[in-house]
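S.K.: Sequence plus the predicted model coming up.
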Amino acid sequence: MCGGCLPLLLLDKGNIIMLTIEEMRSAEQSYVDAGGDLNELTRLAGCELARAIVQQFPVPGRIVAYTGKGNNAADA
């Protein structure tokens, strides 16, 4: 783990994987470098987050998300 940075948790086919902030930035940059659209990636991340929440908590209710500041969490 990097000194002082928070890990990012991702769901990958039902498994939780953890990436450091640097690893996530690198993965996003690789996606963009391969011709991907960052806005579309953000939209897809938000959709997958919503799907995972509904899957884990199927009864309607409230969800609280603690997100970072700055240019983070646009997909939450």
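M.R.: Cool, got the structure. Computed from a predicted model, the values in this text were never measured in an experiment.

S.K.: can we go C-alpha only for contacts and neighbour counts from here?
M.R.: Noted.

S.K.: Downstream of the lowest-mean-pLDDT helix or strand in the chain, the next helix or strand is which one?
M.R.: Taking mean pLDDT, DSSP states H and E as the measure, the helix or strand of the chain with the lowest value is strand 8-12, at a mean of 57. Downstream of strand 8-12, the first helix or strand assigned by DSSP states H and E is strand 15-19.

S.K.: Can you list the residue ranges for helices in the protein?
M.R.: 21-33, 38-56 (DSSP state H).

S.K.: In TSV: these, plus distance to Arg62.
M.R.: Formatted as TSV, the helices of the chain follow (distance: least, CA to CA, whole Å):
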stretch	distance to Arg62
helix 21-33	27
helix 38-56	11
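
S.K.: weakest of the ones you listed by average pLDDT?
M.R.: Set side by side, those give their lowest mean pLDDT on helix 38-56, at a mean of 82.

S.K.: just the angle between it and helix 21-33, please?
M.R.: 120 degrees (axes from the mean of the first three to the mean of the last three CA atoms, to 10 degrees).

S.K.: For helix 38-56, C-alpha coordinates in CSV please.
M.R.: Extracted in CSV, the C-alpha atoms of helix 38-56 (Å, rounded to 0.1, in the frame of the first residue of the first chain):
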residue,chain,number,x,y,z
LEU,A,38,-13.1,8.9,-20.1
ASN,A,39,-16.7,10.2,-19.9
GLU,A,40,-18.0,6.9,-21.0
LEU,A,41,-15.7,5.1,-18.5
THR,A,42,-17.1,7.3,-15.8
ARG,A,43,-20.7,6.5,-16.9
LEU,A,44,-20.0,2.8,-17.0
ALA,A,45,-18.4,2.9,-13.5
GLY,A,46,-21.5,4.6,-12.1
CYS,A,47,-23.8,2.1,-13.7
GLU,A,48,-21.7,-0.8,-12.3
LEU,A,49,-21.7,0.8,-8.9
ALA,A,50,-25.5,1.1,-8.9
ARG,A,51,-25.8,-2.6,-10.1
ALA,A,52,-23.5,-3.8,-7.3
ILE,A,53,-25.5,-1.9,-4.7
VAL,A,54,-28.8,-3.2,-5.9
GLN,A,55,-27.4,-6.7,-6.0
GLN,A,56,-26.0,-6.5,-2.4
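
S.K.: Fine by me, we can end here.
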